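**Q** Let me see the structure of the following:
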Amino acid sequence: MVGLLSAIIAYLLGSIPFGYLIVRWEKGIDVRSTGSGSIGATNVMRNLGIIGFVVTFLLDFAKGVAAVLLASRLTSGSPSWVAAAAVIAISGHCFPVWLRFRGGKGVATAAGVFAALAPLEVGLALLVFAVVVGVGRYVSLASLISTGVFPILLYALSRPPLPIVIGAGASAVIIIARHHANIRRLLAGTENRLGSKSEVRGQRPE
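**A** This next block holds a predicted model:
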(Lines give C-alpha, C1' and ligand atoms only; values in the text may rest on other atoms or scores of the structure.)
Protein backbone atom coordinates (compact mmCIF):
# COMPACT_ATOMS: atom_id res chain seq x y z
CA MET A 1 0.00 0.00 0.00
CA VAL A 2 2.82 2.40 0.91
CA GLY A 3 4.61 1.55 -2.32
CA LEU A 4 1.51 2.32 -4.35
CA LEU A 5 1.15 5.62 -2.53
CA SER A 6 4.76 6.50 -3.36
CA ALA A 7 4.05 5.76 -7.03
CA ILE A 8 0.97 8.00 -7.06
CA ILE A 9 2.90 10.82 -5.40
CA ALA A 10 5.72 10.38 -7.92
CA TYR A 11 3.28 10.75 -10.81
CA LEU A 12 1.64 13.84 -9.31
CA LEU A 13 5.00 15.48 -8.67
CA GLY A 14 6.30 14.59 -12.12
CA SER A 15 3.16 15.89 -13.78
CA ILE A 16 3.48 19.45 -12.43
CA PRO A 17 3.90 21.36 -15.74
CA PHE A 18 6.32 24.06 -14.63
CA GLY A 19 7.32 25.07 -18.17
CA TYR A 20 3.70 25.45 -19.21
CA LEU A 21 2.83 27.46 -16.10
CA ILE A 22 5.84 29.77 -16.38
CA VAL A 23 5.22 30.67 -20.03
CA ARG A 24 1.47 31.05 -19.41
CA TRP A 25 2.22 33.39 -16.52
CA GLU A 26 4.87 35.44 -18.33
CA LYS A 27 3.44 35.62 -21.85
CA GLY A 28 -0.14 34.39 -21.58
CA ILE A 29 0.36 31.67 -24.21
CA ASP A 30 0.45 27.89 -24.32
CA VAL A 31 4.12 26.94 -24.71
CA ARG A 32 3.00 23.81 -26.58
CA SER A 33 1.82 26.02 -29.46
CA THR A 34 5.37 27.27 -30.01
CA GLY A 35 8.74 25.82 -30.95
CA SER A 36 8.88 22.05 -30.53
CA GLY A 37 5.51 21.86 -28.78
CA SER A 38 7.11 20.63 -25.55
CA ILE A 39 6.71 22.02 -22.03
CA GLY A 40 10.39 21.44 -21.28
CA ALA A 41 13.19 23.87 -20.56
CA THR A 42 14.52 24.09 -24.12
CA ASN A 43 11.14 25.11 -25.53
CA VAL A 44 10.62 27.56 -22.67
CA MET A 45 13.95 29.13 -23.64
CA ARG A 46 12.56 29.85 -27.12
CA ASN A 47 9.94 32.01 -25.45
CA LEU A 48 11.66 33.42 -22.36
CA GLY A 49 15.39 33.16 -23.03
CA ILE A 50 18.09 31.62 -20.88
CA ILE A 51 16.50 32.63 -17.57
CA GLY A 52 13.35 30.76 -18.53
CA PHE A 53 15.47 27.73 -19.41
CA VAL A 54 17.35 27.74 -16.10
CA VAL A 55 14.24 28.22 -13.95
CA THR A 56 12.28 25.52 -15.77
CA PHE A 57 15.19 23.07 -15.75
CA LEU A 58 15.79 23.52 -12.03
CA LEU A 59 12.10 23.10 -11.15
CA ASP A 60 11.73 20.00 -13.34
CA PHE A 61 14.98 18.67 -11.87
CA ALA A 62 13.74 19.32 -8.33
CA LYS A 63 10.46 17.47 -8.81
CA GLY A 64 12.42 14.42 -9.96
CA VAL A 65 14.62 14.55 -6.87
CA ALA A 66 11.58 14.97 -4.61
CA ALA A 67 9.73 12.03 -6.16
CA VAL A 68 12.60 9.61 -5.58
CA LEU A 69 13.49 10.84 -2.09
CA LEU A 70 9.87 10.59 -0.96
CA ALA A 71 9.54 7.10 -2.43
CA SER A 72 12.73 6.05 -0.66
CA ARG A 73 11.49 7.48 2.62
CA LEU A 74 8.03 5.93 2.37
CA THR A 75 9.24 2.47 1.33
CA SER A 76 12.36 2.29 3.49
CA GLY A 77 14.54 2.43 0.40
CA SER A 78 12.95 -0.46 -1.50
CA PRO A 79 14.87 -0.61 -4.82
CA SER A 80 11.79 -1.82 -6.70
CA TRP A 81 9.52 0.98 -5.52
CA VAL A 82 12.22 3.61 -5.83
CA ALA A 83 12.85 2.51 -9.41
CA ALA A 84 9.11 2.53 -10.08
CA ALA A 85 8.84 6.05 -8.67
CA ALA A 86 11.71 7.16 -10.91
CA VAL A 87 10.07 5.88 -14.08
CA ILE A 88 6.61 7.10 -13.06
CA ALA A 89 7.84 10.62 -12.21
CA ILE A 90 9.44 10.90 -15.66
CA SER A 91 6.26 9.53 -17.25
CA GLY A 92 4.27 12.11 -15.31
CA HIS A 93 6.33 14.89 -16.87
CA CYS A 94 5.93 13.40 -20.34
CA PHE A 95 2.22 12.63 -19.94
CA PRO A 96 0.69 15.04 -17.39
CA VAL A 97 -2.99 14.46 -16.76
CA TRP A 98 -3.50 18.22 -16.29
CA LEU A 99 -2.53 18.90 -19.92
CA ARG A 100 -4.35 15.96 -21.51
CA PHE A 101 -1.13 13.94 -21.43
CA ARG A 102 0.78 16.37 -23.69
CA GLY A 103 3.93 17.19 -21.74
CA GLY A 104 7.67 17.35 -22.15
CA LYS A 105 10.44 14.93 -23.04
CA GLY A 106 11.60 14.10 -19.53
CA VAL A 107 15.30 15.01 -19.65
CA ALA A 108 15.44 17.47 -16.73
CA THR A 109 13.12 15.36 -14.58
CA ALA A 110 15.21 12.26 -15.30
CA ALA A 111 18.35 14.17 -14.36
CA GLY A 112 16.76 15.01 -11.02
CA VAL A 113 15.46 11.51 -10.46
CA PHE A 114 18.82 9.87 -10.99
CA ALA A 115 20.87 12.63 -9.38
CA ALA A 116 19.23 11.51 -6.16
CA LEU A 117 20.30 7.91 -6.85
CA ALA A 118 23.58 8.16 -8.77
CA PRO A 119 24.98 11.72 -8.71
CA LEU A 120 28.38 10.79 -10.17
CA GLU A 121 26.87 9.08 -13.21
CA VAL A 122 24.39 11.93 -13.75
CA GLY A 123 27.26 14.41 -13.56
CA LEU A 124 29.15 12.47 -16.23
CA ALA A 125 26.03 12.26 -18.42
CA LEU A 126 25.53 16.02 -18.07
CA LEU A 127 29.16 16.51 -19.06
CA VAL A 128 28.50 14.45 -22.19
CA PHE A 129 25.42 16.61 -22.82
CA ALA A 130 27.45 19.82 -22.51
CA VAL A 131 30.19 18.56 -24.83
CA VAL A 132 27.74 17.48 -27.53
CA VAL A 133 25.87 20.81 -27.34
CA GLY A 134 29.14 22.70 -27.44
CA VAL A 135 30.39 20.83 -30.50
CA GLY A 136 27.23 20.40 -32.54
CA ARG A 137 24.76 22.86 -30.97
CA TYR A 138 21.98 20.26 -31.19
CA VAL A 139 20.23 20.12 -27.82
CA SER A 140 18.11 17.17 -28.95
CA LEU A 141 21.14 15.14 -30.04
CA ALA A 142 22.89 15.92 -26.75
CA SER A 143 19.80 14.79 -24.85
CA LEU A 144 19.62 11.54 -26.82
CA ILE A 145 23.30 10.69 -26.41
CA SER A 146 23.50 11.53 -22.71
CA THR A 147 20.26 9.63 -22.07
CA GLY A 148 21.57 6.55 -23.85
CA VAL A 149 24.94 6.72 -22.11
CA PHE A 150 23.55 7.07 -18.58
CA PRO A 151 22.32 3.48 -17.98
CA ILE A 152 25.67 2.18 -19.24
CA LEU A 153 27.57 4.47 -16.88
CA LEU A 154 25.27 3.50 -14.02
CA TYR A 155 25.83 -0.22 -14.51
CA ALA A 156 29.56 0.06 -15.20
CA LEU A 157 30.45 2.35 -12.32
CA SER A 158 28.00 1.56 -9.52
CA ARG A 159 26.38 -1.84 -10.16
CA PRO A 160 23.24 -0.78 -8.24
CA PRO A 161 20.35 -3.19 -7.50
CA LEU A 162 18.82 -4.64 -10.66
CA PRO A 163 15.50 -2.72 -10.35
CA ILE A 164 17.43 0.57 -10.46
CA VAL A 165 19.29 -0.51 -13.60
CA ILE A 166 16.01 -1.60 -15.22
CA GLY A 167 14.42 1.70 -14.18
CA ALA A 168 17.27 3.64 -15.77
CA GLY A 169 16.91 1.64 -18.98
CA ALA A 170 13.13 2.09 -19.06
CA SER A 171 13.51 5.82 -18.45
CA ALA A 172 15.99 6.07 -21.31
CA VAL A 173 13.55 4.31 -23.63
CA ILE A 174 10.75 6.73 -22.68
CA ILE A 175 12.92 9.79 -23.23
CA ILE A 176 14.31 8.59 -26.55
CA ALA A 177 10.81 7.70 -27.73
CA ARG A 178 9.63 11.21 -26.80
CA HIS A 179 12.33 12.59 -29.11
CA HIS A 180 10.94 10.76 -32.17
CA ALA A 181 10.26 13.99 -34.06
CA ASN A 182 13.74 15.30 -33.26
CA ILE A 183 15.27 12.04 -34.47
CA ARG A 184 13.44 12.37 -37.78
CA ARG A 185 14.65 15.95 -38.19
CA LEU A 186 18.22 15.02 -37.26
CA LEU A 187 18.22 12.27 -39.88
CA ALA A 188 16.73 14.65 -42.45
CA GLY A 189 19.21 17.42 -41.57
CA THR A 190 16.43 19.86 -40.66
CA GLU A 191 16.82 19.97 -36.88
CA ASN A 192 17.40 23.47 -35.50
CA ARG A 193 20.74 24.23 -33.89
CA LEU A 194 20.92 26.12 -30.62
CA GLY A 195 21.01 29.84 -31.42
CA SER A 196 19.73 29.50 -34.99
CA LYS A 197 17.30 32.11 -36.29
CA SER A 198 14.31 29.81 -36.05
CA GLU A 199 15.24 28.96 -32.47
CA VAL A 200 15.51 32.58 -31.53
CA ARG A 201 12.20 33.46 -33.16
CA GLY A 202 10.49 30.52 -31.50
CA GLN A 203 9.28 28.99 -34.75
CA ARG A 204 7.78 25.54 -34.64
CA PRO A 205 10.01 22.99 -36.39
CA GLU A 206 8.28 21.30 -39.31
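**Q** mind listing what's buried in the strand or helix carrying L127?
**A** Here L127 is covered by helix 119-136, with elements defined by DSSP states H and E. Buried residues in helix 119-136, counting neighbours by 16 or more other C-beta atoms under 10 Å, are found at E121, V122, L124, A125, V128, F129, V132, V133. Every C-beta, even on glycine, is put in place using the N, C-alpha and C of the backbone.
**Q** what does stretch 25-43 give?
**A** When neighbours are counted by 16+ other C-beta under 10 Å, the buried residues of stretch 25-43 are found to be V31, R32, T34, G35, S36, S38, I39, G40, A41, T42, N43.
**Q** do the same with stretch 149-164
**A** Neighbour counts using 16+ other C-beta under 10 Å place V149, F150, P151, L153, L154, Y155, P160, P163, I164 of stretch 149-164 among the buried residues.
**Q** and what of stretch 89-99?
**A** Neighbour-count burial for stretch 89-99, counted by 16+ other C-beta under 10 Å, picks out A89, I90, S91, G92, H93, C94, F95, P96.
**Q** okay, those in a markdown table with pLDDT and secondary structure next?
**A** What follows is the buried residues of stretch 89-99, written out as a markdown table (pLDDT from 0 to 100; DSSP: H, G, I helix; E, B strand; the rest coil):
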| residue | pLDDT | secondary structure |
| --- | --- | --- |
| A89 | 98 | helix |
| I90 | 98 | helix |
| S91 | 97 | helix |
| G92 | 97 | helix |
| H93 | 97 | helix |
| C94 | 97 | helix |
| F95 | 97 | coil |
| P96 | 96 | coil |
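**Q** Let me have those in CSV, extended by distance to G52.
**A** Shown next, in CSV, are those (distance: C-beta to C-beta, whole Å):
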residue, distance to G52
A89, 22
I90, 21
S91, 24
G92, 21
H93, 17
C94, 20
F95, 23
P96, 19
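**Q** Among those residues, which one sits closest to A177?
**A** Nearest to A177 out of these is C94 (C-beta to C-beta; 8.9 Å).
**Q** could you list every residue that touches the closest one?
**A** C94 makes contact with G103, G104, K105, G106, I174, I175, R178, according to C-beta atoms under 8 Å, 6 or more residues apart in numbering.
**Q** how many neighbours does the first one have?
**A** This means G103. 26 (other C-beta atoms under 10 Å).
**Q** On the three-state scheme, it is what?
**A** Under the three-state scheme (DSSP: H, G, I helix; E, B strand; the rest coil), G103 adopts coil.
**Q** Kind regards, and thank you for your time.
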